[in-house]
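# Return a 3D structure for these sequence lines:
(chains A and B)
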Amino acid sequence: GAGVSQSPSNKVTEKGKDVELRCDPISGHTALYWYRQSLGQGLEFLIYFQGNSAPDKSGLPSDRFSAERTGGSVSTLTIQRTQQEDSAVYLCASSFQRGGGETQYFGPGTRLLVL
Amino acid sequence: DQQVKQNSPSLSVQEGRISILNCDYTNSMFDYFLWYKKYPAEGPTFLISISSIKDKNEDGRFTVFLNKSAKHLSLHIVPSQPGDSAVYFCAASVSRGQNFVFGPGTRLSVLP
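As a prediction, the model looks like this:
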């Protein structure tokens, strides 16, 4: 079946502009995660959705970052007033339920470059 | 300050030999560890895990060793194959189901 998909695969934007990144999780997966990987860094947890529960936003680096998940499926990560330090690969993962890391299936990521 | 460190950004190994990828962590509360493999333009895929109740876990050519006292784990691949060429990430959490902290990755190149 289809895996986790993300769009766009690449995004170049100017500093100060807003961007939206999209994640389509695997059908039936109730848990959805956003991570980012900056150059030379590990995967940094951003936000986690589980079903209808309030999301765990503990990893969001600033209030410029927000995410929503509509209908328990597709998720959008929005970065407002982008800064150059926001340049990174943004990865989405989904899992059937929150559990061990091996249950997470990752998308290919969106490479964001802020000029 | 990185809680999970992979001090070798890259590693080259001859096909058929052993690949050893190392990972160090600073948080003594970490209790569950994973290795992921990532090919270019793809998301990471789970490879192998280990919890602190064990010091070794083996799956085919892949073995993970954990030394809790040294806060160190390693991934051994033997024999290495060209298809193993990828970036390998180490990740740790305080327990299964909790958020993971990832290392920066080590790029492994297996030369034919």
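
# For the closest residue to chain B within chain A, give the beta-bridge partners.
Nearest residue of chain A to chain B: A:F106, at 2.8 Å (CB to the nearest CB). (Glycine included, C-beta is placed from N, CA and C.) Beta-bridge partners for A:F106, by DSSP bridges, are A:A93.

# Give me the distance between whichever residue of chain B sits closest to chain A and A:T82.
For chain B and chain A, the shortest gap (CB to the nearest CB) falls at B:G43, measuring 2.8 Å. Distance of B:G43 to A:T82, computed by CB to CB, to the nearest Å: 23 Å.

# what's around the residue nearest to A:I79 when sequence neighbours are not counted, how many residues?
Spatial nearest neighbour of A:I79, chain neighbours left out: A:V19 (5.1 Å); criterion: CB to CB, 6 or more residues apart in numbering or on different chains. Neighbours of A:V19 under the rule other CB atoms under 10 Å in any protein chain shown: 18.

# Please apply the same query to B:S80.
Count around B:S80 with other CB under 10 Å applied: 23.

# sorry, back to before: would you agree the residue of chain B closest to chain A is in contact with A:T110?
No. Counting by CB atoms under 8 Å, A:T110 is not a contact partner of B:G43; they are 10.9 Å apart.

# Skip the chain neighbours and tell me the closest residue to the residue of chain B closest to chain A.
A:F106 (2.8 Å).

# OK, contacts around that neighbour?
Residues in contact with A:F106 (CB atoms under 8 Å, 6 or more residues apart in numbering or on different chains) are A:4, A:91-93, B:42-45.

# now with 6 Å?
A:91, A:93, B:43-44 (CB atoms under 6 Å, 6 or more residues apart in numbering or on different chains).

# Those into JSON lines, with extra columns for secondary structure, distance to B:A86 and pLDDT?
As requested, these are exported to JSON lines (DSSP: H, G, I helix; E, B strand; the rest coil; distance: CB to CB, whole Å; pLDDT from 0 to 100):
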{"residue": "A:L91", "secondary structure": "strand", "distance to B:A86": "15", "pLDDT": "95"}
{"residue": "A:A93", "secondary structure": "strand", "distance to B:A86": "17", "pLDDT": "92"}
{"residue": "B:G43", "secondary structure": "coil", "distance to B:A86": "12", "pLDDT": "88"}
{"residue": "B:P44", "secondary structure": "coil", "distance to B:A86": "9", "pLDDT": "91"}
